[in-house]
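**Student:** Build me a model from this:
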Amino acid sequence: MAFKVGDRVLVLDEDLSGVVKTIDGFEVTLETEDGFLLSFDASELVLDKNSNFIRQDAFNISDIDAIISEKEITRRKPAQRLKPKERAQAAMEVDLHIHNLVQSSRGMTNFDMLNLQLQTAQRQLEFAIKKRIQRIVFIHGVGEGVLREELETLFRRYDNLKYYDANYQKYGLGATEVYIYQNTN
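**Tutor:** Down below sits the predicted model:
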């Protein structure tokens, strides 16, 4: 199926959906409802027609036979090997700069902006915990360090994570990486 930028798609075998942002060959990048950009192979996606009914002409007997025979053939996907350097990279980045969170910060006080940034950080952290994402980088910038201190206060409320300065070469001093311990129960 050929997708177009702007199409709403669903991810097969995952509870994810989003809007197609870019297409590069068979790699389709979509933006989720939470604002994350994720890349998938086109074969892992289906167009979301948002319909609640089954079209009568959607299948015919030959289509069903072809689908059944396709399902009977088990194809083994080659395991993707990750280099240690790639394995160590963060799975998720959250940029907390105010211009990335709102169209315009006009009329917002510093307190309002800080609260929005902290709420965004907490929402993204909860999302990462729920989706079992182990690493997340919060880009907060250098500034006076107020946001960084508030983020550390937020992180201290959780006992299943540790936080530390993110990769200096990539982010400089303006980012904190959080490692979330996954439950082994």
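**Student:** pretty sure residue 140 contacts residue 174?
**Tutor:** Yes: using C-beta atoms under 8 Å, residue 140 makes contact with residue 174 at a distance of 6.0 Å. (C-beta placed from N, C-alpha, C; glycine too.)
**Student:** In terms of neighbours, single out the busier of those two.
**Tutor:** residue 140 (25 against 18; other C-beta atoms under 10 Å).
**Student:** how about the residue nearest to the more buried one when sequence neighbours are not counted, secondary structure?
**Tutor:** Once flanking residues are discounted, residue 140 sits nearest to residue 147: 4.6 Å by C-beta to C-beta, 6 or more residues apart in numbering. Here residue 147 is recorded as helix under DSSP: H, G, I helix; E, B strand; the rest coil.
**Student:** Identify all contacting residues around the top strand by length along the chain.
**Tutor:** When the chain is parsed with DSSP state E, its longest strand is strand 17-24. Applying C-beta atoms under 8 Å, 6 or more residues apart in numbering, the set of residues contacting strand 17-24 from outside is 3-11, 28-33, 37-38, 42, 48.
**Student:** hmm, which of the residues you listed are the buried ones?
**Tutor:** Using 16 or more other C-beta atoms under 10 Å as the burial test, the contacts of strand 17-24 include 3, 7, 9-11, 28, 30, 42 as buried.
**Student:** Turn these into CSV, columns for distance to residue 170 and pLDDT.
**Tutor:** Formatted as CSV, those follow (distance: C-beta to C-beta, whole Å; pLDDT from 0 to 100):
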residue, distance to residue 170, pLDDT
3, 31, 85
7, 32, 88
9, 30, 90
10, 32, 90
11, 27, 88
28, 25, 90
30, 24, 90
42, 29, 89
